[in-house]
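J.: No letters, just coordinates:
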């Protein structure tokens, strides 16, 4: 089955139709998605700014990450299901949207950056107490901020390019 047909069928699913035909439900998903984005991107940005040495230099990186992690998880638990819910009713026409594709690509790169950071951080416990972190940590923080900003901008602009 061609991908276009698949996404047209997704948009025709009962759950997709219910979401698409209910302004209240679609709006509620949108609001919850935005709250999730604020929690997710906001909490990640705090850690990124710490990696850059801009905030909380006096707080151990491991301590900060442990304190921030519940907000990051809460944001992710809100963002991903609501994002799917917002996508479903428009799947047939939005799947080729270059801004959606950019958002998803940037999201994957941001996730890879997080994986890279955690892999390297776990091997360098001494980084936790350092006020000024090595270039790898600063690079990961700066990259993350750029990738998440791009993800947010692309996500916001999707609605204007349907």
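T.: Cool, got the structure. Note that this is a predicted model, so its numbers are computed, not measured. Residues are numbered from 1 along each chain as shown.

J.: and the closest residue to residue 158 other than its chain neighbours, how many neighbours does it have?
T.: On the basis of Cβ to Cβ, 6 or more residues apart in numbering, the spatially nearest residue to residue 158 that is not a chain neighbour turns out to be residue 99, at 4.7 Å. For glycine as for every other residue, the C-beta is placed from the backbone atoms N, C-alpha and C. A total of 18 residues lie near residue 99 under the criterion other Cβ atoms under 10 Å.

J.: May I have the residues that are in contact with residue 99?
T.: With contacts defined as Cβ atoms under 8 Å, 6 or more residues apart in numbering, the neighbours of residue 99 are 154-155, 157-158, 161.

J.: Please flag which of those sit within helices.
T.: Those of the contacts of residue 99 mapping onto helices are 154-155, 157, per DSSP state H.

J.: filter the contacts of residue 99 to the buried ones?
T.: Among the contacts of residue 99, those scoring as buried are 154-155, 158 (criterion: 16 or more other Cβ atoms under 10 Å).

J.: who's in contact with the nearest residue to residue 60 once chain neighbours are set aside?
T.: Closest residue to residue 60 in three dimensions, ignoring its sequence neighbours and counting by Cβ to Cβ, 6+ apart: residue 128, at 4.7 Å. Contacts here follow Cβ under 8 Å, 6+ apart; on that basis residue 128 touches 60-63, 121.
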